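Q: have a look at this prediction, sequence included:
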Amino acid sequence: MKNKFYQYIQTLQDQICKGLEIADGQAKFREDIWTRPEGGGGRTRVIENGEVIEKGGVNISAVHGKLPEAMRQLFNVGEADFFACGLSLVIHPKSPMTPTVHANWRYFEMYDDNGNVINSWFGGGQDLTPYYLFEDDAKHFHQTCKTACDKHDLNFYPKFKKQCDTYFWNAHRNEARGIGGLFFDYCKATDSMSMENWFNFVSEIGNSFLEAYVPIVEKRKDLAYTPEQRTWQEIRRGRYVEFNLVHDKGTLFGLKTNGRIESILMSLPPHVQWHYDHHPKAGSEEEKLLQVLENPIDWV
């Protein structure tokens, strides 16, 4: 399964990068191949200063070795070997009218002293972070997620949508990072779902990404915006940074397993602002966004 999934994310990385380059129309991805001293490595691709995309990354990695102490505590296990692979992406568009997007699909194995798999699971999801709320965009993104989920289990979308709203929650701000999407983790074999079933589901979600995001980019990328709206975007990007550095499990896992720091922190936007005690004007579009972030809603 680990070989099958790693081959899948290699192909998916190519497909997503090509689709995003076409959507941008100017910039191309730069590629870095890297290795991890303890075992494994990855292929980082970063795009910057495009016509549409200010900064973004689409990264894959496959790492293995001894499970670090911090991870042993998290999983409540003794010494063990592990393998983890996945694709992680974040796209920060230039225009505040075009939302930031994040997605991640991953697979994890743990082994006993004889190299036998003692635990394995899939995880992942995709979520949207707008700076100005267009309800049509939110509905399109969530409907695409739901359509992909419904092919496998009608309970998946409501379950994983709720988990997304819970996970991407900036508890110290008491607000969501964005308008959500899907989040699933520790997806293990059961009587009703084999690991092959989970692979089919996760790949279905991965294959739906461009369909979920690119039409929104096409619709919003040429809209006019003001310097004040750009400032709001950079203030909201600050909240994005806060979540990634304080709460995000993927970032913390990478930092605690001697991951490649440039690949881990590629999720951070290039221009960000923090204003003291900032509040948008009452009745403004900015306030409208905050109201939704404080009270996640069902879009489909």
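A: Nice, I can see it.
Q: and stretch 62-82, which residues are buried?
A: By neighbour count on 16 or more other C-beta atoms under 10 Å, the buried set for stretch 62-82 is 62-65, 67, 71, 80-82. The way it works is simple: take the backbone N, C-alpha and C, and place the C-beta from them, glycine included.
Q: dump that stretch to CSV, keeping only the CA atoms.
A: In CSV, the C-alpha atoms belonging to stretch 62-82 read as follows (Å, rounded to 0.1, in the frame of the first residue of the first chain):
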residue,chain,number,x,y,z
ALA,A,62,8.2,9.8,1.9
VAL,A,63,10.1,9.5,5.2
HIS,A,64,11.0,6.6,7.4
GLY,A,65,13.0,5.6,10.4
LYS,A,66,12.7,5.4,14.2
LEU,A,67,9.6,7.1,15.6
PRO,A,68,10.8,10.2,17.4
GLU,A,69,10.1,10.6,21.1
ALA,A,70,7.5,13.3,20.6
MET,A,71,5.5,11.1,18.2
ARG,A,72,5.8,8.0,20.5
GLN,A,73,4.1,10.1,23.2
LEU,A,74,1.4,11.3,20.8
PHE,A,75,0.7,7.7,19.7
ASN,A,76,1.3,6.3,23.2
VAL,A,77,3.7,3.6,21.9
GLY,A,78,7.2,2.5,22.8
GLU,A,79,10.1,2.4,20.3
ALA,A,80,8.9,1.7,16.8
ASP,A,81,9.8,2.3,13.2
PHE,A,82,7.5,4.3,10.9
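Q: what's that stretch in contact with?
A: 2, 6, 36, 38-42, 83-85, 108-112, 115, 118, 253, 256-259 (C-beta atoms under 8 Å, 6 or more residues apart in numbering).
Q: circling back: which members of the buried residues of stretch 62-82 occur in helices, if any?
A: Using DSSP state H to define helices, the subset of those located there is M71.
Q: which of the buried residues of stretch 62-82 sit farthest apart?
A: Taking C-beta to C-beta as the measure, the buried residues of stretch 62-82 reach their widest spread between A62 and A80, a distance of 17.5 Å.
Q: can you give me how far the lowest-mean-pLDDT helix or strand in the chain is from the chain middle?
A: Least confident helix or strand, the chain: helix 69-75 with a mean of 77, by mean pLDDT, DSSP states H and E. Distance of helix 69-75 from the chain centroid (C-alpha atoms, centre = their mean, to the nearest Å) equals 23 Å.
Q: sorry, back to before: give me the buried subset of the contacts of stretch 62-82.
A: Neighbour counting with 16+ other C-beta under 10 Å marks 2, 6, 36, 40, 42, 83-85, 108-111, 253, 257, 259 as buried within the contacts of stretch 62-82.
Q: could you pull out the helices for the protein?
A: Going by DSSP H, the chain shows helices at 2-24, 69-75, 135-150, 156-167, 195-207, 209-220, 227-246, 249-256, 261-264, 285-294.
Q: I118 versus the residue nearest to K288 when sequence neighbours are not counted, what's the distance?
A: Nearest residue to K288, sequence neighbours excluded (C-beta to C-beta, 6 or more residues apart in numbering): L133, at 5.9 Å. For L133, the distance to I118 equals 45 Å [C-beta to C-beta, to the nearest Å].
Q: go on, G65?
A: 16 Å.
Q: could you do I9 as well?
A: With distances taken as C-beta to C-beta, I9 is found 23 Å from I118.
Q: dump the C-alpha coordinates for stretch 98-118 into PDB.
A: Taking C-alpha atoms only, stretch 98-118 is exported to PDB below (Å, rounded to 0.1, in the frame of the first residue of the first chain):
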ATOM      1  CA  THR A  98      -9.300  34.900  -4.700                       C
ATOM      2  CA  PRO A  99      -9.200  32.500  -1.700                       C
ATOM      3  CA  THR A 100      -6.200  30.700  -0.300                       C
ATOM      4  CA  VAL A 101      -6.500  26.900  -0.500                       C
ATOM      5  CA  HIS A 102      -4.800  24.100   1.400                       C
ATOM      6  CA  ALA A 103      -4.900  20.300   0.800                       C
ATOM      7  CA  ASN A 104      -3.100  17.300   2.200                       C
ATOM      8  CA  TRP A 105      -3.400  13.500   1.600                       C
ATOM      9  CA  ARG A 106      -1.200  11.200   3.600                       C
ATOM     10  CA  TYR A 107      -0.500   7.600   4.600                       C
ATOM     11  CA  PHE A 108       1.200   6.300   7.700                       C
ATOM     12  CA  GLU A 109       2.600   2.900   8.800                       C
ATOM     13  CA  MET A 110       4.200   1.700  12.000                       C
ATOM     14  CA  TYR A 111       6.200  -1.500  12.400                       C
ATOM     15  CA  ASP A 112       7.300  -4.000  15.100                       C
ATOM     16  CA  ASP A 113      10.800  -5.200  15.700                       C
ATOM     17  CA  ASN A 114      10.500  -7.800  12.900                       C
ATOM     18  CA  GLY A 115       9.300  -5.200  10.300                       C
ATOM     19  CA  ASN A 116       5.700  -6.300  10.400                       C
ATOM     20  CA  VAL A 117       3.000  -3.600  10.000                       C
ATOM     21  CA  ILE A 118       1.300  -3.100  13.300                       C
END
